[in-house]
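**Student:** Show me the folded form of this:
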Amino acid sequence: MKLIVVDIQKGITDERLYDFETFIKNVTNIIDAARENGVEVIYVRHDDGPGSGFSFGDKDFDIADQVTPEENEKIYTKMINSCFGNADFADYLSESGEKDLMVVGLQTNFCIDATVKSAFERGYHVIIPKGTNSTFDNDYMDGETTYKYYNEMMWPERFASCISVDEAIEMIKN
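**Tutor:** Model (predicted):
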């Protein structure tokens, strides 16, 4: 199994997110369990391009302090929603032969959804621990409704296994 930490970056990791405190707590618990049990943690960050305020050299682009990568952990940068938009990332996973991907991060309705579906289409078994992705309110749904739409209706039994954090940690340990 590999743990993919998606777009938990300074510019979007704050109290505007649905259930922010629980999200951070759950993600850090999952990351800690992965590190303690030899599961590779891979970070992916989104780059909106020069001048966007969310690109190389911009403070908002940096990975959030709550989930700082360790020195030996890989960091990939993507320019589109799906992590698989980065060919090096896609190649690395393919070459590893690993088929179980646990995905956590931001935002539920953008990069997490795109990554989940892209991974599914490539034959990966995607695992989503509950409360480890989040998003903001938008013009159509509040963050909670958006979160529930994907985690309770869209992904389960279609694109991913949506399980509790405790179940996810047990999977990591085994």
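
**Student:** Helices of the chain, start to end?
**Tutor:** 20-36, 87-96, 113-121, 143-148, 165-173 (DSSP state H).

**Student:** Using CSV, please lay out these together with distance to residue 5.
**Tutor:** In short, each C-beta sits where N, CA and C put it, glycine included. Below are those laid out as CSV (distance: least, CB to CB, whole Å):
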stretch, distance to residue 5
helix 20-36, 7
helix 87-96, 12
helix 113-121, 11
helix 143-148, 18
helix 165-173, 13
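
**Student:** Mind putting those into a markdown table with mean neighbour count?
**Tutor:** As requested, the helices of the chain are exported to a markdown table (neighbours: other CB atoms under 10 Å):
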| stretch | mean neighbour count |
| --- | --- |
| helix 20-36 | 18 |
| helix 87-96 | 14 |
| helix 113-121 | 20 |
| helix 143-148 | 18 |
| helix 165-173 | 17 |
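
**Student:** how about those, which one is nearest residue 56?
**Tutor:** helix 87-96 (15.8 Å; CB to CB).

**Student:** quick check: angle from the closest one to helix 113-121?
**Tutor:** 30 degrees (axes from the mean of the first three to the mean of the last three CA atoms, to 10 degrees).

**Student:** before we move on, the earlier item: let me have the helices of the chain in JSON lines, adding distance to residue 3 and mean pLDDT as columns.
**Tutor:** Formatted as JSON lines, the helices of the chain follow (distance: least, CB to CB, whole Å; pLDDT from 0 to 100):
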{"stretch": "helix 20-36", "distance to residue 3": "4", "mean pLDDT": "98"}
{"stretch": "helix 87-96", "distance to residue 3": "12", "mean pLDDT": "98"}
{"stretch": "helix 113-121", "distance to residue 3": "13", "mean pLDDT": "98"}
{"stretch": "helix 143-148", "distance to residue 3": "20", "mean pLDDT": "98"}
{"stretch": "helix 165-173", "distance to residue 3": "8", "mean pLDDT": "98"}
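
**Student:** For stretch 10-17, which outside residues touch it?
**Tutor:** 20, 23-24, 53-54, 58-66, 106-107, 134-137, 143 (CB atoms under 8 Å, 6 or more residues apart in numbering).

**Student:** Relative to residue 169, how far out is residue 99?
**Tutor:** Counting by CB to CB, to the nearest Å, the separation of residue 99 from residue 169 is 20 Å.

**Student:** For residue 103, which residues are in contact?
**Tutor:** Residue 103 is in contact with 4, 6, 112, 115, 116, 119, 126, 127, 128, 133, 160, counting by CB under 8 Å, 6+ apart.
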